[in-house]
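1. Curious how this folds, go ahead:
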Amino acid sequence: MRHRKNKITLDRGAAHRGALLRNLATSLVLYDQIQTTEAKAKALRPFMERLVTLSKNPTLANRRKLIKALYTKGAVRKACDVLGPRYKDRKGGFLRITHLGTRRGDAARLAHISFVV
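-> Below is the predicted model of the structure:
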């Protein structure tokens, strides 16, 4: 039974889900916005909020945590050099999810996730 289990599993195992979130987070940092399903966007938001909070104070330890969470060095560099200073004075709520409707092929609910400017 899954009583009181609040983690969004996305019907994947832990390793697959972790790789998916890292991939989505890397794309979001590099391109500032991505289009994905609503469930993936909702799972990505808390993961990405923690990464932006780490990038606001780019110490060596925080950079190493970002390297573990993002796939490319360019994404880590952009997170520390661009996103950190951009949201230095903001307490939270760095991302916005906009609902787009359904996908034509399988009727999956699509969403657009982007950084708040």
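
2. which residues of the chain fall in strands?
-> 33-37, 95-102, 109-115 (DSSP state E).

3. Leaving out chain neighbours, which residue sits closest to residue 101?
-> residue 110 (6.3 Å; CB to CB, 6 or more residues apart in numbering). Quick note: C-beta positions are derived from backbone N, CA and C, even for glycine.

4. List the beta-bridge partners for that neighbour.
-> Residue 110 has the following beta-bridge partners by DSSP bridges: residue 37, residue 101.

5. Nearest the geometric middle of this structure, what residue?
-> For the chain, residue 48 is the residue whose C-alpha lies nearest the centre (CA atoms, centre = their mean; 3.4 Å).

6. got the contact list for it?
-> For residue 48, the contacting residues are 25, 28, 94-95, by CB atoms under 8 Å, 6 or more residues apart in numbering.

7. what number of residues lie near the closest residue in space to residue 12 that isn't next to it in sequence?
-> The spatially closest residue to residue 12, leaving aside those adjacent along the chain, is residue 20, at 6.7 Å (CB to CB, 6+ apart). Residue 20 has 16 neighbours, counted by other CB atoms under 10 Å.

8. on that earlier part again, just give me the closest of the contacts of residue 48 to residue 64.
-> residue 25 (15.9 Å; CB to CB).
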